[in-house]
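Chemist: build the 3D model from these lines:
(one chain, ligands or ions: 1)
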Amino acid sequence: MKKSNNCSKMKRNKLLCTTLVALFLTAFSASAEDVGLPNPIIPGFHPDPSVCRVGNDYYLVNSSFQYFPGVPLYHSTDLIHWEQIANILTRPSQLPLKGADSWLGIYAPTLRYHDGTFYLITTNVGGGGNFIVSADNPYGPWSEPRWLKQGGIDPSLYWEDGHCYMVSNPDDGIWLCQINPDSGEQLTKSVLLWTGMGGRYPEGPHLYKKDGYYYLLISEGGTELAHSLTIARSHNIEGPYEPNPDNPILTNCCQRGQTLQVQGTGHGDLVQAVDGSWWMTFLAYRNFGGAYHHLGRETFIAPVEWPEGDWPVVNGGAPADTAHVAPSQRLFTQPFTHPAWVHLQNPIPANYEFLDDGTLRLHAGRPLIENNQPTFIGCRQEAAVIVAEVDVTLTESVSRDEAGISVYQIYDGYQNFCVSRFGKGYSVKLDARLKSMQDTQMRMLRSHHARLRVTSDGSTYTYQFSEDEGKTWQTVGSHACTLVSTEVAGGFTGVVIGLYASGNPSSFADFKIILP
Ligand code: 6LW
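Modeler: Numbering: from 1, shown residues only. Sure, this is the predicted structure:
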């Protein structure tokens, strides 16, 4: 009921919204090249964004679940164009990921800058709970974790008068306590601030102070279709908090949002730009082929009107949309030293050799289905239309060893395309796994070497190989992207496309990335 009321309000606000968007386009016309709101600003698996400004620079982080290194760090000078400059958690001592899968590991982080120091607070679900790390330089090194007592997920930080406050969401409510951020020690009793508007999973809290009010921004409804952002305020940091009568301040779960490709808007963080304007970064996903998304939850941005003493209005009161068609992506173009490359769980270093001629030598690990430190190194799929191409040579092998490309959503929801040892011969094998179902297609190879190519148009992945260095190609098969969507395969992540090798521990394979 509340949501449809809110949507009628959204209709009344249409004029305001149009004006805002026009203003936005004027402001960013030089960089956005007339494509409208350039959303998502960070496409592909980049959920739970948290943003902060330091002078003229903006920094943004995302959750990273079972991937290592963890918590990608992005930098921008205009809030629109972002470049990944690092990962924050780069050492196993900061990020133990034993047994983590696409539901576990690093949940929503918060990034803040205080008194010359960067602080990152987050949760390792299944790996120790809430902790804080800090650094003088965002590029690192970041400190060892300081573990925190207050539980729940999505911790956030707020400073005032030399006191550091932490909020998080134990027991389906938003709780506050004071901590020493440099030791992690909890200094005061946890107090309940707010339980939200009644939506499920009140989470993702952030505190801000403006015009004498403490504003508590949260998400409700769960990270799926009913996701929404709500806000409450108080003159006292410990409450009582009065909810905004116009909640939710952003949701696509309403009549105006119901037909949009963009869904699941929520988990926001507010930032004030250099010019004094306010913006909100948040997550949303784009559906492909019906109500399915396989690229994960992505990072979006919307303008915020926040008049003095009044409530913030996000995106003119309208649901979030995208006028931006992400360009196609060629995978694996970055050098292996680039922070875009990630592993599943903590990698076994001896299984990765980066040879001087650019060859990647992967020593076989356990099969992906076992989810136990597999040999895997990949990059997030950031566009619906992609191509990935690699030469694979199964150099030392025994029967059933395999090495190739994995279109990976979760340990039991992936599409593996590989060169495989088959008795005394070799084959190229396409192995699509969905829970207990497996579909395997094979073609015999003349040798232990093939060029593998994966393409997607956004609705299917197509798997091809070449035995003459790309002059001619044979198609082994195609599979729907839906099969690796979050709705079908599960998990909190999005597709990561990786190079992998599995089988006998003394076997290895050489990979050469093919660039255009
Ligand atoms: C995250 C929570 C959420 O910690 O989903 O969408 C959880 N928001 O705030 C996992 O990303």
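
Chemist: elements contacting the strand or helix carrying Tyr59?
Modeler: Per DSSP states H and E: Tyr59 is located in strand 57-61. Packing contacts for strand 57-61, counted by 3 or more CB pairs under 8 Å, 6 or more residues apart in numbering; DSSP states H and E, involve strand 50-54, strand 70-76, strand 110-114. For every residue, glycine as well, the C-beta is placed using N, CA and C.

Chemist: could you rerun that using 7 Å?
Modeler: Judged by 3 or more CB pairs under 7 Å, 6 or more residues apart in numbering; DSSP states H and E, the packing partners of strand 57-61 are strand 50-54, strand 70-76.

Chemist: quick one: average pLDDT of the last one?
Modeler: It stands for strand 70-76. Here strand 70-76 scores 98 as its mean pLDDT.

Chemist: now swap in the shortest one and tell me
Modeler: Averaging the model's pLDDT scores along strand 50-54 yields 98.

Chemist: in its sheet, which strands sit next to it, and in what direction?
Modeler: strand 57-61 (antiparallel) (DSSP bridges).

Chemist: what's the first helix or strand after the partner strand?
Modeler: Counting by DSSP H and E, the element that comes right after strand 57-61 along the chain is strand 67-68.

Chemist: other residues contacting that next one?
Modeler: Counting contacts by CB atoms under 7 Å, 6 or more residues apart in numbering, the residues outside strand 67-68 that touch it are 95, 97, 342-347.

Chemist: near the ligand, which residues of the stretch 201-350 of the chain?
Modeler: 203-204, 219, 223, 266-267, 283 (CB under 6 Å from any ligand atom).

Chemist: what helix or strand is the residue nearest to Val387 when sequence neighbours are not counted located in?
Modeler: Nearest residue to Val387, sequence neighbours excluded (CB to CB, 6 or more residues apart in numbering): Thr455, at 4.9 Å. Secondary structure assignment for Thr455, by DSSP H and E: strand 449-457.

Chemist: pull the helix or strand following that strand out as PDB, backbone CA atoms only.
Modeler: Downstream of strand 449-457, the first helix or strand assigned by DSSP H and E is strand 460-466. Only the C-alpha atoms of strand 460-466 are listed here, as PDB (Å, rounded to 0.1, in the frame of the first residue of the first chain):
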ATOM      1  CA  THR A 460      23.300 -17.100 -24.600                       C
ATOM      2  CA  TYR A 461      26.900 -18.000 -24.200                       C
ATOM      3  CA  THR A 462      28.400 -19.700 -27.200                       C
ATOM      4  CA  TYR A 463      31.500 -21.900 -27.000                       C
ATOM      5  CA  GLN A 464      33.900 -22.400 -30.000                       C
ATOM      6  CA  PHE A 465      37.300 -23.800 -30.600                       C
ATOM      7  CA  SER A 466      40.000 -23.500 -33.300                       C
END
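
Chemist: so how far is strand 460-466 from its chain's centroid?
Modeler: Here strand 460-466 is found 26 Å from its chain centre; the criterion is CA atoms, centre = their mean, to the nearest Å.

Chemist: which of the three states applies to the closest residue to Pro319 other than its chain neighbours?
Modeler: Once flanking residues are discounted, Pro319 sits nearest to Gly257: 3.4 Å by CB to CB, 6+ apart. Under DSSP: H, G, I helix; E, B strand; the rest coil, Gly257 falls in the coil class.

Chemist: residue in the stretch 351-500 of the chain nearest to the ligand?
Modeler: Phe492 (4.6 Å; CB to the nearest ligand atom).

Chemist: what sits against that residue?
Modeler: By CB under 7 Å, 6+ apart, the residues touching Phe492 are 47, 65, 102-103.

Chemist: circling back to that earlier point, from the helices and strands packed on strand 57-61, which stretch is densest packed?
Modeler: strand 70-76 (a mean of 23; mean count of other CB atoms under 10 Å).

Chemist: elements contacting the following helix or strand past that strand?
Modeler: Downstream of strand 70-76, the first helix or strand assigned by DSSP H and E is strand 83-89. Strand 83-89 is packed against strand 70-76, with contacts defined by 3+ CB pairs under 7 Å, 6+ apart.

Chemist: show me the contacts of strand 67-68 that map onto helices.
Modeler: Judged by DSSP state H, the subset of those located in helices is empty.

Chemist: adding neighbour count and distance to His235, write those out as CSV.
Modeler: What follows is these, written out as CSV (neighbours: other CB atoms under 10 Å; distance: CB to CB, whole Å):
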residue, neighbour count, distance to His235
Leu95, 29, 39
Leu97, 26, 43
Val342, 22, 44
His343, 22, 48
Leu344, 29, 48
Gln345, 24, 46
Asn346, 17, 46
Pro347, 20, 50
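
Chemist: which two from these end up farthest apart in space?
Modeler: Farthest pair in the contacts of strand 67-68 (CB to CB) is Leu95 and Leu344. Separation: 12.6 Å.

Chemist: list the buried residues in stretch 87-107.
Modeler: For stretch 87-107, a neighbour-count test (16 or more other CB atoms under 10 Å) marks 87-90, 94-97, 100-102, 104-107 as buried.

Chemist: among the residues you listed, which are within reach of the ligand?
Modeler: Tyr107.

Chemist: I'd like the distance between the residue sitting furthest away from the middle of the chain and Val392.
Modeler: No residue in the chain sits farther from the centre than Lys424, which is 42.0 Å out by CA atoms, centre = their mean. Applying CB to CB, to the nearest Å, the value for Lys424 to Val392 is 19 Å.

Chemist: what does Glu224 give?
Modeler: Counting by CB to CB, the gap from Glu224 to Val392 is 37 Å.

Chemist: between those two, which one's more packed in?
Modeler: Using other CB atoms under 10 Å as the criterion, Glu224 and Val392 rank with Val392 on top: 26 against 16.

Chemist: what helices and strands are in contact with the strand holding Thr455?
Modeler: Short answer (3+ CB pairs under 7 Å, 6+ apart): strand 449-457 packs on strand 385-396, strand 402-410, strand 413-422, strand 460-466.

Chemist: can I get the first one in CSV, CA atoms only?
Modeler: Read that as strand 385-396. Output in CSV follows, covering the C-alpha atoms of strand 385-396 (Å, rounded to 0.1, in the frame of the first residue of the first chain):
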residue,chain,number,x,y,z
VAL,A,385,28.0,-8.7,-24.9
ILE,A,386,31.4,-10.3,-24.5
VAL,A,387,34.3,-12.2,-26.1
ALA,A,388,37.0,-14.1,-24.3
GLU,A,389,39.7,-15.9,-26.2
VAL,A,390,42.7,-17.9,-25.0
ASP,A,391,45.2,-20.5,-26.3
VAL,A,392,45.3,-23.5,-24.0
THR,A,393,48.1,-26.2,-24.0
LEU,A,394,47.6,-29.1,-21.7
THR,A,395,51.3,-29.6,-21.3
GLU,A,396,51.6,-32.2,-18.6
